[in-house]
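In: Sequence and computational prediction follow.
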Amino acid sequence: MYHQSWLSRSRTNSRTGSVHLGVQFKTWALSLALVAASANSAVLASPARLTTPQDVSHPSSVLYGSVSDRFASLPAGKKQRKRPTDVKIYEYDQKPLGERSPLLLVHGLRGEYYPYFRWQKVAEKLAKSETFNSKYKIYLVRYSSLDRFEIVLPKFKDALTSLYSATKQRPITMMALSMGGNIAYESLTDPNIESKVRLLFTMGTPFHGSPLFCKDWMNYTVYKRLSWPWTRVDHNLSYRFYFDRNPILRQDLAWDNADEAIPETGKFRSRLPFGPKGYLTVGDTINTRLSKVNSAPVDRKKLITYGGYIVNPYLAPGFKRYAETAAFYPMFLLSNSFPAHFGREHPVLEFLNRDITNIQVSKKIAKQAGTPFVYVMNDGICPLSSAIFLPPEVARTQFVAKESDFEKVRDKVDVGRARVFRNVDHLTFIDGIRPLNPIISAVNSQFRDELNPQDGQKDIFDWILSDLVNSDHIGGSLAKTKQVPEPVITADEDLAAKEKVDSATKQEATAGTTAAQ
């Protein structure tokens with residue numbers, strides 16, 4: 001059963017991404033889920049200050065002066081109204097660098113407009129740790145997340161170089177949310193920048209992009225999956241309106257087809273007025289720019305990648321899925337539909353989670369994955385295989401479409417450390433709130449890494465803190481298990497091999513039966 005969306009009116013302020021009554025519910029639902037708006041924009045009492053860099057051209061000032069001596073202060077907690085035209089580095093506080101190393105926090109979509117660029121809870125947690133404070137000094141970067149990557153990237157690399165010089169040429173550790181991780185990773189494809197970066201820590205970053213950002217693929221899914229005429233029109237118009245205002249998502253973060261799951265269908269058109277239509281082909285849909293970035297030589301052992309997925313009925317077998325959907329639908333209305341109608345971010349992400357789950361793939365890919373819901377493991381924006389940055393040779397042969405699939409990919413991840421958290425959405429990493437049931441979330445805030453269950457359970461911020469302070473040991477227990485690169489196997493070859501094995505097994509069984517007779 002595919003959830004039918006409701007109509008509501010909203011309009012989105014083009015500067016801040018804040019949502020008011022005026023267009024459709026689905027449109028502002030997308031806006032709420034994708035903007036980097038603060039989950040709690042109330043200003044908390046804190047002595048921390050954001051500071052903006054001044055001239056650091058004098059070598060003596062760069063190497064020996066206090067960093068704060070060269071930065072102008074800006075009160076923390078203040079919303080930024082103007083769209084940035086450059087990339088700036090800020091200090092979280094004015095404590096001297098000392099013998100510490102820089103930790104740079106990189107925000108996601110529209111985070112540049114909000115207090116602390118959405119990093120307040122994370123930064124406060126880190127700053128309370130003596131161990132962390134002995135190792136790191138926190139910096140934040142502000143850039144225009146509404147501009148194309150090709151515009152932002154040169155300025156971002158210049159800002160990194162300035163930070164490297166201002167912090168006594170100590171290697172930089174970066175922590176990034178969502179598309180901020182894409183900007184940070186792409187900067188590493190420049191050898192001059194990669195040599196200045198010690199570690200990149202990403203959370204919910206769509207390294208392979210997201211099917212959600214593929215226009216014709218999403219339209220085709222609406223065309224094939226939705227049976228009610230109004231729902232088709234509602235979904236189609238909602239996506240069209242939102243992405244017309246946020247073209248960067250489709251231009252830079254569409255799916256790179258690492259798993260070869262984009263179907264080749266050609267022209268399709270609904271007979272409904274304003275219904276879904278398009279021309280879906282692999283060549284027109286694939287994000288070739290992102291594929292090129294991901295094929296560049298970068299030391300992936302420098303990466304810590306966090307991914308999460310929302311638990312939904314599509315993880316259950318067919319009959320159980322229908323039974324659960326029917327039985328829990330009243331609860332879904334109360335905990336999801338109504339709150340989402342009033343602009344609550346986490347319920348909105350649960351709606352999008354189901355939209356991504358239902359992405360239409362070919363029968364061949366569905367058969368190989370063992371389910372038509374290939375992207376059921378997603379956080380409301382980013383499929384899990386994209387968030388933990390599965391290598392293409394793994395992504396196209398080992399689909400992470402069931403919780404039992406973790407065992408298959410555990411030893412095939414090639415980043416320094418990858419973690420997967422159950423019942424986590426795109427924003428849980430920065431606000432600690434779990435989807436589905438906020439009451440249970442408040443009582444039980446412990447998370448288990450599904451890839452490494454032996455590591456126990458922690459609060460999500462404790463996971464982040466632990467991995468940062470122990471990052472000197474990252475050489476990749478996961479990466480080291482892969483001694484020899486595996487041969488690249490296409491989806492067609494893998495499916496043919498499986499069918500050959502099945503055929504041979506049947507022949508052996510038939511021969512055994514004949515011999516017994």
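Out: Sure thing, it's come through. Residues are numbered from 1 along each chain as shown.
In: From here on, just use CA atoms for contacts and neighbour counts.
Out: Will do.
In: Got phi/psi on Ile286?
Out: In terms of degrees, to the nearest 10, the main-chain angles of Ile286 are phi -60, psi 140.
In: Just give the nearest non-adjacent residue to it, would you?
Out: Among residues not flanking Ile286 along the chain, Asp256 sits closest, at 5.2 Å (C-alpha to C-alpha, 6 or more residues apart in numbering).
In: So for the one you found, what's the pLDDT?
Out: Note on Asp256: pLDDT of 95.
In: what's around it, how many residues?
Out: Using other C-alpha atoms under 10 Å, Asp256 is surrounded by 28 other residues.
In: was I right about it contacting Asn287?
Out: Yes. Taking contacts as C-alpha atoms under 8 Å, Asp256 lies within contact range of Asn287: 4.5 Å.
In: what's Arg448 in contact with, if anything?
Out: Shown in contact with Arg448 (C-alpha atoms under 8 Å, 6 or more residues apart in numbering): 421-422, 455-458.
In: so which strand or helix has the residue nearest to Lys267 when sequence neighbours are not counted?
Out: Take Lys267 and drop its neighbours on the chain: the residue closest to it by C-alpha to C-alpha, 6+ apart is Tyr279, 4.2 Å away. Element membership for Tyr279 (DSSP states H and E) is strand 277-280.
In: Farthest-apart pair in the contacts of Arg448, please.
Out: Maximum pairwise distance in the contacts of Arg448, criterion C-alpha to C-alpha, is 14.4 Å, between Arg422 and Asp455.
In: who has more neighbours, the two?
Out: Set side by side, Arg422 and Asp455 show more neighbours around Arg422, with 19 against 10, by other C-alpha under 10 Å.
In: Could you list everything that one pairs with in the sheet?
Out: Tyr309 (DSSP bridges).
In: OK, contacts around it?
Out: Arg422 touches 308-311, 447-450, counting by C-alpha under 8 Å, 6+ apart.
In: Columns distance to Gln94 on top of those, output as CSV?
Out: Below are the contacts of Arg422 laid out as CSV (distance: C-alpha to C-alpha, whole Å):
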residue, distance to Gln94
Gly308, 34
Tyr309, 37
Ile310, 39
Val311, 42
Phe447, 33
Arg448, 35
Asp449, 35
Glu450, 38
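In: most neighbours, which of these?
Out: In terms of neighbours by other C-alpha under 10 Å, the contacts of Arg422 top out with Gly308 at 30 neighbours.
In: Now for that residue: which residues touch it?
Out: Counting by C-alpha under 8 Å, 6+ apart, Gly308 makes contact with 204, 377-379, 384, 387, 420-426.
In: Give me the subset of those residues lying in helices.
Out: Using DSSP state H, the subset of the contacts of Gly308 located in helices is 384, 387.
In: I'd like to know how many residues surround Ala469.
Out: For residue 469 the amino acid is Val, not Ala. Count around Val469 with other C-alpha under 10 Å applied: 17.
In: Next, the residue lying closest to it once chain neighbours are set aside: secondary structure please.
Out: Spatial nearest neighbour of Val469, excluding adjacent residues (C-alpha to C-alpha, 6+ apart): Phe132 at 6.0 Å. The local conformation at Phe132, judged by DSSP: H, G, I helix; E, B strand; the rest coil, is helix.
In: Pull the contacting residues for Phe132.
Out: Contact analysis of Phe132 by C-alpha under 8 Å, 6+ apart lists 126, 465, 468-469.
In: Columns pLDDT and distance to Val348 on top of the contacts of Arg422, output as JSON lines?
Out: JSON lines is the format used below for those (pLDDT from 0 to 100; distance: C-alpha to C-alpha, whole Å):
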{"residue": "Gly308", "pLDDT": "95", "distance to Val348": "16"}
{"residue": "Tyr309", "pLDDT": "94", "distance to Val348": "14"}
{"residue": "Ile310", "pLDDT": "92", "distance to Val348": "12"}
{"residue": "Val311", "pLDDT": "88", "distance to Val348": "14"}
{"residue": "Phe447", "pLDDT": "91", "distance to Val348": "22"}
{"residue": "Arg448", "pLDDT": "92", "distance to Val348": "24"}
{"residue": "Asp449", "pLDDT": "95", "distance to Val348": "24"}
{"residue": "Glu450", "pLDDT": "94", "distance to Val348": "24"}
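In: Report all helices and strands that the host helix or strand of Tyr90 contacts.
Out: Assigned by DSSP H and E, Tyr90 belongs to strand 88-91. Judged by 3 or more C-alpha pairs under 8 Å, 6 or more residues apart in numbering; DSSP states H and E, strand 88-91 is in contact with strand 49-53, strand 136-142, helix 149-166.
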